[in-house]
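**Q** 3D model of this:
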Amino acid sequence: MKPATLIDAKTLAARARDGEWLIVDCRFELADPRAGARAYAQGHIPGAIYASLDEDLSDLSKVGLGRHPLPDAAAFAATLSRWGWTSETPTLAYDAANGALAAARLWWMLRLVGAREAAVLDGGIAAWTQAGLALDADAAQRSPTRVDATFDATRIVYTDALVQALKNARTLLVDARAAARYRGENETLDKAAGHVPGAVNRPFADNLDADGRFKPAARLHAEFTALLGTHRPADTIHMCGSGVTACHNLLAMEHAGLGGSRLYAPSWSGWSSDPERPVAKNA
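**A** Residues are numbered from 1 along each chain as shown. Sure thing, here's the model as predicted:
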């Protein structure tokens, strides 16, 4: 059976027994970048490997492209090779932040390289333990592969392209940060407070029910359809602080049957790195 965009813990447990799945622990804390690796060592879903947002899903050497710049495709291909991934490998990503740090980021990057089967664990590791399923402290061992991959550049937007896109009334820019950060009421991570002029706000947390799982697809479809109005998903660009939690909105839209939107990869940290760029505040 092929995985859906989201998968629940019991279904994962049943499907993962054959050992064909690549399960990736993407836990990460912005305030303590090593916390995810420590948590993985203490206990993880059996068979899972660990992916660091900073080291595996970003290239922190890039300047002016935000706090979590995308790695080059060749670097990501080398990471996938080390993990023993192939384009036919069903892959499941999970974290401890309901998909936001950084399971949805990995899911989206896998889509960029043409992964046929990629999903996120709905509810994350908490859903796994709440289902009464055991954790494992043993590091998984997988045989390396050789992956040659390229990113689908049509799904990635950088600053110059964003500036041009925003001149077109068809473009909708959606900011996934919390409302207070979007309005510029506080900013503890980036160089300026506020948002890109013209952006609308859809905090990624709005994708979730009270139990930390994603809302049903029909509800998400209705909410995003209302947000988009006359805009098509293909005319929609997502952003956040550093191009990570915005992937949560991309995932939610995909789950809702509204695929085709794009990511402004540098996001607010990239935009605000240049003091000459305009900043809007309030709603």
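**Q** ranges for the helices of the stretch 151-283 of the chain?
**A** For the stretch 151-283 of the chain, the helices defined by DSSP state H, counting those that start in this stretch occupy 159-165, 179-183, 217-228, 246-255, 267-271.
**Q** contacting residues for the spatially closest residue to V157 that is not a sequence neighbour?
**A** Distance criterion C-beta to C-beta, 6 or more residues apart in numbering; nearest residue to V157, sequence neighbours excluded, is Y264 at 4.7 Å. Bear in mind the C-beta positions are built from the backbone N, C-alpha and C, glycine included. The contact partners of Y264, by C-beta atoms under 8 Å, 6 or more residues apart in numbering, come to 157-159, 162, 173, 237-239, 243, 246.
**Q** if I look at Y264, how far off is R38?
**A** Distance from Y264 to R38, counting by C-beta to C-beta, to the nearest Å: 32 Å.
**Q** do the same with L22
**A** Distance, L22 to R38, by C-beta to C-beta: 22 Å.
**Q** Could you check which of those two has the larger neighbour count?
**A** Neighbour comparison, L22 and R38: the larger count goes to L22, with 24 against 11 (by other C-beta atoms under 10 Å).
**Q** got a list of what the nearest residue to that one once chain neighbours are set aside touches?
**A** Counting by C-beta to C-beta, 6+ apart, L22 lies nearest to T91, which is 4.5 Å off, once chain neighbours are set aside. Contacts for T91 (C-beta under 8 Å, 6+ apart) come out as 21-24, 85, 110, 115, 117-119.
**Q** From those, which land in strands?
**A** 22-24, 118-119 (DSSP state E).
**Q** domain ranges for the chain?
**A** The chain resolves into domains spanning 6-130, 153-271 when parsed by automatic domain parsing.
**Q** can you list those in CSV and add distance to T145 and mean pLDDT?
**A** Shown next, in CSV, are the domains of the chain (distance: least, C-beta to C-beta, whole Å; pLDDT from 0 to 100):
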stretch, distance to T145, mean pLDDT
domain 6-130, 5, 96
domain 153-271, 24, 98
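**Q** Can you check which of these gets nearest to N282?
**A** Of all the domains of the chain, it is domain 153-271 that lies closest to N282, at 5.3 Å by C-beta to C-beta.
**Q** what separates that closest one from the chain centre, distance-wise?
**A** In terms of C-alpha atoms, centre = their mean, to the nearest Å, the centre of domain 153-271 is found 11 Å from the chain centre.
**Q** Now for D122, how many residues are close by?
**A** If we define neighbours as other C-beta under 10 Å, then D122 has 23 of them.
**Q** and what of D136?
**A** Using other C-beta under 10 Å, D136 is surrounded by 12 other residues.
**Q** Okay, and the beta partners of it?
**A** H44 (DSSP bridges).
**Q** wouldn't F224 be in contact with E254 here?
**A** No. The criterion here is C-beta atoms under 8 Å, and F224 misses it with E254 at 10.4 Å.
**Q** ok, Q141 to G84 distance?
**A** 9 Å.
**Q** more crowded one of the two?
**A** Each of Q141 and G84 has its neighbours counted (other C-beta under 10 Å); G84 has more, 16 against 8.
**Q** which residues does that one contact?
**A** Per C-beta under 8 Å, 6+ apart, neighbours of G84: 22, 142-145.
**Q** Phi, psi for it please.
**A** With angles defined as degrees, to the nearest 10, G84 sits at phi 80, psi 30.
**Q** Just give me the residue closest to the centre of this structure.
**A** With distances taken as C-alpha atoms, centre = their mean, R105 lies nearest the centre of the chain, 2.4 Å away.
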